[in-house]
Structures are given as structure tokens and as C-alpha cells.
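K.L.:
I'll drop the sequence and a predicted model, then ask my questions.
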Amino acid sequence: MSEINLGLGNNDIVTRKEAESDFIAFWEKQAKNLSWFSTWKKPLDWNPPFAKWFVGGTINASYNTLDIHQNKANKPAILWEGENGESKILTYKDMWTQVQKFANVLKSLGVQKGDRITIYLPMIPELPISMLACARIGAIHTVIFSGFSAAAIKDRICDSKSKIVITADGGYRRGNIIKLKEVIDEATKDFDFVQNVIVIERTKNKIILSSKDMLWNELMNDISDTCIAEKLDSTHPLYILYTSGTTGKPKGVLHGTGGYLTHLYSTFKWAFDIKDSDIFFCTADIGWVTGHSYMVYGPLLHGATEVMYEGAPDFPDASRMWEIIQKYKVTIFYTTPTALRMFMKFGDELPNSFDLSTLRLLGSVGEPINPEVWKWYFKIIGKEKCPIIDTWWQTETGGMMISALPGLETIPLKPGSGTRSIPGLDISVVDEVGNDIPPNTKGYLVIKNPWPGMLLTLWGDDAKYRDVYWSKYKNCYYPGDYALRDIDGYFWLLGRADDVLKVSGHRIGTAELESCIVSHHNVAESAVCGIPDELKGEVIIAFVVLKQNVTKDTLILEKELLIKIRNDIGAIATPKQIYFVAKLPKTRSGKIMRRLLKSIANNETIGDISTLEDGAAVSEIQSVFEELQKSIQKKSD
Ligand code: WTA
């Protein structure tokens, strides 16, 4: 574990000491960096597992990201780069005006505090504008990644009972037009509770408008640009973001306002050491949590200038990101290991032919970063002068939980380690029964204290919230990740400990995918697992048992299943391989042995299966294993 020493920011030992002695007072102090309409009566109401931060305080997310920056109204907030080469600059004044106008549009359509609004948009400025307009009036936004299919959107809209859906005629992706409006028509056709669909004309492709549909431009044409921000309770829900878990149904992670904003304000400052002159560029799509927290709320809370890119990172070629960094003189670049692995594959010549000298800080998020990719990032992109922060967190945590913090303290970096936890958090690595384990031993990551960015609950399902995150260990949050701590106390994140897959950094639940496969009329059973992949981190392998007497050609079946997965979930859930098998390896209690499937798919030996969990029938498993190996062999021949 080599170390890289860079002088990072100022040492602020006091902050950590303060946080350790009284984490509630510590977060209370951080909350004072925000603008509150009225101060809280109680900093934390902890009724495990439900935390309410800054109870009695009133605040508004849109006010804190826009109104307070009107003293520098002409500073660019968003430098928008279209996939097709178009570009736009939106100043803090422009954002403020647009958000107020759109908030008035929502109000004119009868939207009230607490109503849900689904947003299904490509990476265009109207996406953050819509989110902040919801926040301004206390409506709860629920953004759905624009790669999801109609069936996946339908589930989410039905769960949130959204009154309004905001979409575009289309979105550009690798030069093609994705017809988003058509997807929304299909997704909402059975829902009378969706009162209106607002359509932004991005691509000007032909669309059919029904009586529910309204055009963004027409609505914005003649509407007041003044809308006073609502004074909302600190615990008022800001958004729902659906994410995959271990059960079939996506979970609606619900975030509040005052605590969430405090977490983001603090981590954005500490991790990115943000300065007024910085140009920040995060490559995440706003449809995922990284985009919510570190493209919309974090940077705008600080009045920062950021680049927002509409399209695919390798379109028209793999130099697009470097070209953008050069064009906008980006100083802070935050991306994913999957993107870096892809860039690395194209060699050093491309990034070396651009001027990347403005960069001063690099970040990584979403999956473990392999040390060799870390080193490439450090050397080729950062020219050995930019620290890399490897930030571990989740949709549920709201903001970063483990990361180096150049804006706070100087510590040596270790390629592949997230380093230490954010101050004010109590994070440990424990064994199966919850005891802290010795250094350098793999265990489960847990969080022992509530923290301000934590989810309020799962939308409409407190029981599931309790069960998924708080039942494995008493009064400890269980994120579902393996980790170890080295002798210096640094955390090394070692991937998911549960049935959640991470493909290109996107979360996909095995159960969600399996239930989609099983809903095909010829399929009896299915199990999916992830296997390591050089580029995507992990790829999906599906094992499928057909119903008896199915005689259909497996090539046709495979095609049908792939289409079904794309239609029901989206292209990101497409398996790399589908194996048709006679049986799945199961324990005596009927649990599918994923560990075994993984070994099979990885072409590994399974070792001593007599020790397999739950006393599985050894001889039966052995024969299933051999049968599976044969099917795989047959397929690769
Ligand atoms: C994984 C993304 C290793 C982890 C912000 C976590 C990481 C899941 C890292 C959450 C990292 C995220 N190193 N693994 N730096 N960051 N993960 O909800 O397994 O899309 O539980 O949030 O991503 O994924 P999510």
C-alpha cells in the first residue's frame, strides 16, 4: 500500500476533535453556514432509526442555492455543453429567474407543498431548473434517469403518485435521438392521477400532444418571474430518488432539507476545497444521486461555477472530456472509475494532446477504484500535482461519508483507499455479529451515529426502511458494503456484500432483474450474478431455468429475454451472458447460492462445498455445478 504525499489544504485538527467530542454540536455549527428563515429548537431528534435534524428550523433549498448568490448575479452557475456542440451559459441571475418562473408555472397548474413531481429529462439546464422550482414551493421532486424504460418509470410514477411529469420531446445520445416523450406516454397512459405532462422541445422531433400535455416554452412565456421561496420545515422532504436494492421493487429513498443541505454544504467545501474562481466538472448524470448532491445542490449552495455536459463521455470520440476540460479551464474534475477505465483504454496520447494544466483536484465516485487506474488518473490526467479524492457514499447517505478532505486537512493518500471518514460520523468495520474487527480484516461497514444527510425513510414504507438498513445490527446503519481498515485507520471499500450489482457504477438489484426474467412466459426460474469486468467493474450473468416442455430455440429465447429486460428495466441491466440450465444450485432451505454461481461464471473451482451455507445437499450441488459448467462450456465452444 504505497502512499502519495501532497500538501492538501489547511490542517484543521480542531474540526475533527470537535466532531469527536460532540457530533451533534459539531453538525449544528456546520448548519449555521446555511441561510435559515428561523433557527431550530432541537438539533437532533433521534428516535432510532428515524432521525430529524434541526427540528423547528425553517429553510428552503432553492433560496440557499440561488437567492443568496444574487450579490454576484452575473457569475456563471452552469456552463452547459450540448452533445452536438451547442453551448449555453446560465448565470446565477438566469437560474434564479428561470426557477422562479417555473415555480409559478407549477403553482398555476395547482401544484402544492408536498405534491410529487416526476422529472424525466436529459442533461439540459431545465433539469436542475425543474428540481429547484419544486424545492422552491415545497413540491417533492423525483428524477428518473433518462435511460430507464417505460415499465421502470411506470412503477416509480405509480409509487410516488406524481401529479405532474416533466419530460422532453427527445434527448441526444451518441448522435441519436432518444424519444423520451413516447416513453412517458407509454408509462403514464393508465394513470389518471398524472394531471399534466410538461414537454421541453430539445430535439424538435415530431411528438403527439394530448390534452394533458403542455409545452414548457408556452408555459414560461407569460408568467411572473417572482416567486417567494416557501419557508419549509427542516425535515420537509426535498426529493425521492428510486434506487435498486435486494428486493424486486426499487426503493424510494426520501431525503429531507436542512440536514441534507448541511451535509452537502460541508462535504462539498471539505472535499473539493472549493474557491470562488473554481470551475467544477462532475460527469455524473443528474438522474443518479451524485448528480443530485454534487451537481445540483452542493455546487450551487457554494455559488460555484460548474460545467454540465449533455451527452455520452466518448462522443464523438474518447477525447470529449479532455476537450471540455481544456475549453472551460476546469479546475476540479469528479468522475467514475468506469469512465476512467474506458479513457485509459484509449491510451495516454489523447489526454496528453489537450491542455489539462488548469486541473488542481480530481475525484472518483461510485465503485472501488483499482490502484492502477488511480495511478493513471494521478499521472496522466493530474500530471502528478492533483490530489485524488476517492469518495465513498450512497444514495441513502445523501452525501460523502468516506473521503480525503483537501479543504480541511493534509493527509497522505493511498491509491485505492477512500482514506478516512468525514468528521462527525462514526464508521466502523465489524464482523457478522457486530463486533469491531482487527485492522486489515475484511468485514462489514457500519455507521454508528445518525448523520445529517441520511435518508428520512423509504417513501411510504417505514417497515422496509427499518428492515433493509437497521435490522442486521442494533442501532447501526448497514450500507451493504464490505470493507477493511488498515493499521493507519484508512478504509478500503471492497464491494457489495449483498445482492446489489454495480455495473458501470449503476446500481442494479438482482431480485428486480430476476423477477423481470421470470415474468417471461417460458421461464420457470432465474438467478443473476455479477462477475468482474475490466471496463465496467462488473457485468451481469443470468442463469435461466425454462418451464418444462419448452421447445423454443434458445437463441430466440435469449433475444426475447434481452428485449424484455431492455423494455422492463432499461439497457443498463442487459446481461452479458444468458445461460439456460436445468437447475439452480440451492441450499436446503431453497436459497439460491449466488457465491457458487459467481465461481461458476468466473470459471473458478468451488472448493469444499461441504462447508457451504445452510448445509446444502452436497452431491446434488456438485451435479448442478457440473451441469452448469457444461452449459457454459457448450456456449463458449
Ligand atoms: C459503491 C453512488 C467503492 C458502494 C454515490 C455503495 C463505492 C454504492 C464508492 C452506492 C467508492 C460508491 N468506492 N465503492 N468510492 N462509492 N460505491 O447509491 O458499493 O449509486 O454502497 O451511490 O456504490 O451506490 P449509489
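P.N.:
Received the coordinates, thanks. Residues are numbered from 1 along each chain as shown.
K.L.:
State the pLDDT value of residue 600.
P.N.:
pLDDT, residue 600: 76.
K.L.:
Closest residue of the stretch 451-600 of the chain to the ligand?
P.N.:
Nearest to the ligand in the stretch 451-600 of the chain, going by CB to the nearest ligand atom, is residue 493, at a distance of 3.6 Å. All C-beta atoms are positioned from the backbone trio N, CA, C, and that covers glycine.
K.L.:
The stretch 1-150 of the chain too?
P.N.:
residue 145 (10.5 Å).
K.L.:
for the residue lying closest to that residue once chain neighbours are set aside, phi and psi?
P.N.:
Leaving aside its sequence neighbours, residue 145 sits nearest to residue 287 (CB to CB, 6 or more residues apart in numbering; 3.0 Å). The phi/psi pair for residue 287 (degrees, to the nearest 10) reads phi -70, psi -10.
K.L.:
I'd say the residue of the stretch 451-600 of the chain closest to the ligand and residue 421 touch.
P.N.:
No: using CB atoms under 8 Å, residue 493 makes no contact with residue 421, being 11.8 Å away.
K.L.:
Look at those two and report which has more neighbours.
P.N.:
Taking other CB atoms under 10 Å, residue 493 and residue 421 do not tie; residue 421 has more neighbours (23 against 20).
K.L.:
Correct me if wrong: that one contacts residue 428.
P.N.:
No: contact between residue 421 and residue 428 fails when scored by CB under 8 Å: they sit 9.3 Å apart.
K.L.:
how close does the residue of the stretch 451-600 of the chain closest to the ligand sit to residue 432?
P.N.:
19 Å (CB to CB, to the nearest Å).
K.L.:
Spell out which residues of the protein are next to the ligand.
P.N.:
Those residues of the chain that sit near the ligand, judged by CB under 6 Å from any ligand atom, are 243, 288-290, 365-368, 390-395, 418, 479-481, 493, 496, 502, 507.
K.L.:
can you rerun that using 8 Å?
P.N.:
By CB under 8 Å from any ligand atom, the residues of the chain that approach the ligand are 243, 288-290, 293, 337, 364-369, 390-397, 402-403, 418, 479-481, 493-496, 500, 502, 505-507.
K.L.:
In strands only, show me the residues you listed.
P.N.:
Using DSSP state E, the subset of these located in strands is 243, 364-365, 390-391, 481, 493-496, 500, 502, 506-507.
K.L.:
Could you pick out the buried ones from those residues?
P.N.:
Neighbour counting by 16 or more other CB atoms under 10 Å classes 243, 364-365, 390-391, 481, 493, 495-496, 500, 502, 506-507 among those as buried.
K.L.:
which residue ranges form the helices in the stretch 451-600 of the chain?
P.N.:
Taking DSSP state H, counting those that start in this stretch, the helices of the stretch 451-600 of the chain run over residues 462-470, 510-518, 554-568, 594-601.
K.L.:
So the residue nearest to residue 145 sits against residue 143, correct?
P.N.:
Yes: the pair residue 287 / residue 143 is scored as a contact, 5.6 Å apart, by CB under 8 Å.
K.L.:
who's more crowded, those two?
P.N.:
Legend: neighbour count by other CB under 10 Å for residue 287 and residue 143, higher for residue 143 (29 against 22).
K.L.:
in stretch 543-557, what's buried?
P.N.:
Residues of stretch 543-557 classed as buried by neighbour count (16+ other CB under 10 Å): 543-546, 554, 557.
K.L.:
Oh, that last question was meant for stretch 469-476, not what I typed.
P.N.:
Of all the residues in stretch 469-476, those buried under the rule 16+ other CB under 10 Å are 469-470, 472-473, 476.
K.L.:
Could you do stretch 167-186 as well?
P.N.:
Of the residues in stretch 167-186, 167-173, 178-185 count as buried by neighbour count, 16+ other CB under 10 Å.
K.L.:
Filter these down to just the ones in strands.
P.N.:
167-168, 171-173, 178.
K.L.:
just those residues now: which is nearest residue 255?
P.N.:
Nearest to residue 255 out of these is residue 167 (CB to CB; 22.4 Å).
K.L.:
from what I can see the closest one touches residue 120, true?
P.N.:
Yes: between residue 167 and residue 120 there is a contact under CB under 8 Å: 4.7 Å.
K.L.:
Need the overlap of contacts for these two.
P.N.:
180, 183-184 (CB atoms under 8 Å, 6 or more residues apart in numbering).
K.L.:
Just send those residues back as a markdown table, with pLDDT and distance to residue 261 too.
P.N.:
Conversion of those to a markdown table gives the following (pLDDT from 0 to 100; distance: CB to CB, whole Å):
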| residue | pLDDT | distance to residue 261 |
| --- | --- | --- |
| 180 | 97 | 29 |
| 183 | 96 | 32 |
| 184 | 98 | 30 |
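K.L.:
So which of the residues you listed are in helices?
P.N.:
Those of the shared contacts of residue 167 and residue 120 mapping onto helices are 180, 183-184, per DSSP state H.
K.L.:
May I see the domains of the chain written out as residue ranges?
P.N.:
1-60+255-429, 61-230, 500-636 (automatic domain parsing).
K.L.:
wait, which of the ones you listed is closest to residue 442?
P.N.:
Judging those by CB to CB, what sits closest to residue 442 is domain 1-60+255-429, at 8.0 Å.
K.L.:
so how far is the closest one from its chain's centroid?
P.N.:
Put simply, domain 1-60+255-429 sits 13 Å off its chain's centre (CA atoms, centre = their mean, to the nearest Å).
K.L.:
Quick one: mean pLDDT over it.
P.N.:
On average, domain 1-60+255-429 scores 93.
K.L.:
do stretch 228-240 as well
P.N.:
98.
K.L.:
From one end of that stretch to the other, what's the distance?
P.N.:
23 Å (CA to CA, to the nearest Å).
K.L.:
Single out the residue in the stretch 251-400 of the chain that lies closest to the ligand.
P.N.:
Counting by CB to the nearest ligand atom, the stretch 251-400 of the chain gets nearest to the ligand through residue 395 (3.4 Å).
K.L.:
Counting neighbours, what do you get for that residue?
P.N.:
Counted with other CB under 10 Å, residue 395 comes out at 20.
K.L.:
Surely it and residue 289 touch.
P.N.:
Yes: checked against CB under 8 Å, the pair residue 395 and residue 289 is within contact range at 4.2 Å.
K.L.:
overlap in contacts of these two?
P.N.:
Joint contacts of residue 395 and residue 289 (CB under 8 Å, 6+ apart) are 241, 243, 253.
K.L.:
Show me which of the residues you listed is closest to residue 66.
P.N.:
Checking those one by one against residue 66 (CB to CB), the nearest turns out to be residue 241, at 21.3 Å.
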